[in-house]
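S.K.: Structure for the following, please:
(one chain, ligands or ions: 2)
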Amino acid sequence: MSRYIAKAALRGANLIVAEAEQMVESAITDLGADTPVAFTNTAYYLPVILGFTGMEVNNLGHLQKALVRAKSLLNPVPFESLWLPYLGETLDGGAATLLAMEAIEAVRFIRGQQPEPIPGLQLKGTSFTNPDGNGGGGGGYANGPIDDIQLRAWGIQLVDGRMPGFAAIVGAARTNEAAVAIVRELQKRNILVFLSGNVNGRSIIHQLMEEGVEMGYDTYIVPFGTDTISAIYALGFATRSALTFGGMSGGQTRDILLYNKFRVFAFVLALGEVDDLKYAAAAGAINYGFPVIADTVIPQILPTGVTPYEHVISMPFDDIEGDTDAEKARRLVQRCTEVRGLKVKITEVPIPVPYGSAFEGERVRRADMRVEFGGQKAQAFEYLRMVGLDEIEDGRIRVVGPTFDEVPPGGAMNLGIVVEVAGRKMQEDFEPVLERQLHYFVNGASGIQHVGQRDITWIRFSNATVEKGFKLESIGDILYARFHADFGAIVDKVQVTIYTDPDAFQEWLGKAREAYQARNVRLADMVDASVEEFYSCTLCQSFAPNHVCVISPERLGLCGAYNWLDCKASNQINPTGPNQPIQKGICLDSDYGVWQGSNEFAYQNSHQTVERISMYSIMQDPMTACGCFECIAMVIPEANGVMVASREDPSMTPAGMTFSTLAGVAGGGLQTPGVMGVGKYYLLSRKFISAEGGFKRVVWMSSVLKATMAEELKAVCEREGDPDLLDKIADERSATTVEELLPFLEEREHPALAMAPIF
Ligand code: SF4
Ligand code: ZN
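M.R.: Ligands and ions are numbered 1, 2, ... in the order given. This next block holds a predicted model:
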């Protein structure tokens, strides 16, 4: 342990704790100790304080008590002559620093100073409502803390490895070019990027703004604020990961830190000069097992053996090999991922623009658009089909018809993408699974937007991307590279043909539609009774060790990301992976959906905690939930029915809790009769809580579900013999309490009121 770092960190810790104390004190004098204290959209109070101390801070008085704890962790700054290992003291000082930083942000929230105003900053995809009342990151403010909804949305990607971890960047890069290059390198690896801090008033957030880099949830770049203190939100995110996915409670400090050390692959990248507060905050991060990499000359802390991830690495930017900042940035990021042991898989896609999942959420605005395919003025489709091994030529990419050169800027044209794949292990059933990947694959290119699927595909190319040389063939290049990289186990040959010629387009559109129709019929015919095996998904066990999803044709995984066909394909691709076939075996109860095979599998794979699963019931042995569910179904006893709350709905529900609070009740891998996490498409299944009477039990449903699945839900209501049922189901606009719900249902004669008691 370096004495230099220990001294700086302890100086920083003592100062920031004193500052926090003073701020809380004056807030209490001004506003009173009862003044509520909270971060936006989280059920985890002030998460770092909750994690370290177990204290559920609700008001300024509690906050003052939390600071007493912070103070007790402080040690005096070591004298020159004193020679000690300092490690314990420094780490404790780091912990105290984090508590103080969070306390300061909490007070700033009360004073209307958080999220921080940053004139001109526009965020993409942020749900936070800023102080001006503009939702969706209306502009002019930093992101502030990440909300629980986003935490869980990213959780699934952290679980399945699509997102290897996060980088907390503090400070400012040497040049704007370097700032952009560093962030792009991280995005390419799908590493989540958190931004905070400054050097002499200049923050990497300013640098990215000047260079026109889009920030916000959609691009995996979250600007917390321009001071070091806002970096606390990164550690709040880390703490909540342990609480949410690791099933830990506040105060289990050691477990929470170990969870982060072994499961959350994060690191701190300190850009520019490191001052006392940065050293102190870095010491706090090291508690979590997050190493610190600085691009300036600072003393290093190498692995100690006792604490294997205990690292401070100095990698002065000027000394990094490379002729350009971009090259240096690549080496710097490479080193960061090595230090933290991040498992990063990059597929080299030979196209002229950056490529990676971080670009998936990118939108291309009309003003920036060179050309679009599909949408209102043209039509586009995509179709993937399996052919014989000798029917195609691997790597052949063709455009049949004219390019978009003749289309005026901002114009539209028809486009058909036909992907033909062949492979000894390929099956016709996998066609839709692979076809669905086109959305992710194509979207990964910077400056390309892809929405929809099948014959409602809609693709935009931005001006900048076309200027860099992106062509229609580039779509083929992407698909060829990605299908081989990601599905090499089932796909041996890939051929892509892009149709723009009007006759060929129509001809292939016809073929595609026939195939879509045939698939619809085949899928609709696929019922639980017609297959011999279900599939398991245990992906989430890395976060929720006792949770098993049992996935059948009529019930998809609760995260919505895996249905039965996906699991079947995934099992072919990776036979020892998280999706294993489950032989159904003897049916023990066909109404409740109980089979010997699924019971045994669940028992063995839940560490003997779940003995029996009823696939079709919410009341009796319901399926467990990890934390990634799209919706929560919960019994409302007074209404003799069930409500369904969507993850996207922040409002109050008749259960007296919001989604994020409910999530704490539903998750964690426990069986709780009356509460269940579900994928939203399960609502449409004939087997949706069919043991309790099915969809007719739904008395309340978040309006976002009604709106986004309007057509499908209408069909369900008709199938259930009550075409107007959807109008009889309340939502957050009509009822947020049981008292409001009951008259609503009575007035509309909701069928649940006349059904057999649900208890
Ligand atoms: Fe997790 Fe279940 Fe989704 Fe698998 S299907 S990723 S176990 S929620
Ligand atoms: Zn999960």
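S.K.: which residues touch residue 108?
M.R.: residue 114 (CB atoms under 8 Å, 6 or more residues apart in numbering). Yep, even glycine has a C-beta here, placed from its N, CA and C like the rest.
S.K.: chain center to the helix or strand it falls within: distance?
M.R.: Taking DSSP states H and E as the definition, residue 108 sits inside helix 87-110. Chain-centre distance of helix 87-110: 27 Å, with CA atoms, centre = their mean, to the nearest Å.
S.K.: Now the element after that helix, going C-ward?
M.R.: helix 148-160.
S.K.: need the longest helix for the chain.
M.R.: helix 3-31 (DSSP state H).
S.K.: what's the angle from that helix to helix 87-110?
M.R.: Per axes from the mean of the first three to the mean of the last three CA atoms, to 10 degrees, the angle that helix 3-31 makes with helix 87-110 is 30 degrees.
S.K.: which other helices and strands contact helix 3-31?
M.R.: helix 60-72, helix 87-110, helix 276-287 (3 or more CB pairs under 8 Å, 6 or more residues apart in numbering; DSSP states H and E).
S.K.: so which of those comes closest to ligand 2?
M.R.: Ranking these by proximity to ligand 2 (CB to the ion) places helix 276-287 first, at 26.3 Å.
S.K.: Mind giving me the packing neighbours of that closest one?
M.R.: So helix 276-287, by 3+ CB pairs under 8 Å, 6+ apart, packs with helix 3-31, helix 87-110, strand 166-171, helix 232-245, strand 266-271, strand 292-294.
S.K.: tell me which residues of the first one are tucked away?
M.R.: Yep, that's helix 3-31 we're talking about. 3, 5-14, 16-17, 19-21, 23-24, 27-28 (16 or more other CB atoms under 10 Å).
S.K.: next structured bit after it?
M.R.: With DSSP H and E, the next secondary element past helix 3-31 is helix 47-53.
S.K.: With the fourth one instead?
M.R.: Following the chain from helix 232-245 toward its C-terminal end, the next helix or strand by DSSP H and E is helix 253-263.
S.K.: Ok, the shortest one next?
M.R.: Heading C-terminal from strand 292-294, the first helix or strand you meet, by DSSP H and E, is strand 312-314.
S.K.: For that next one, what does the pLDDT average out to?
M.R.: Averaging pLDDT along strand 312-314 gives 88.
S.K.: go on, stretch 651-667?
M.R.: pLDDT averaged over stretch 651-667 gives 89.
S.K.: Please identify the buried residues of that stretch?
M.R.: Buried positions in stretch 651-667, judged by neighbour count with 16+ other CB under 10 Å: 652-655, 657-660, 662-663, 665-667.
S.K.: In CSV: those residues, plus secondary structure.
M.R.: Shown next, in CSV, are the buried residues of stretch 651-667 (DSSP: H, G, I helix; E, B strand; the rest coil):
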residue, secondary structure
652, strand
653, coil
654, coil
655, coil
657, coil
658, strand
659, helix
660, helix
662, helix
663, helix
665, helix
666, helix
667, coil
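S.K.: my guess is residue 31 meets residue 60, correct?
M.R.: Yes - between residue 31 and residue 60 there is a contact at 6.9 Å, judged by CB atoms under 8 Å.
S.K.: shared neighbours of the two, which are they?
M.R.: residue 110.
S.K.: and residue 73, what does it touch?
M.R.: Counting by CB under 8 Å, 6+ apart, residue 73 makes contact with 92-93, 95-96, 99.
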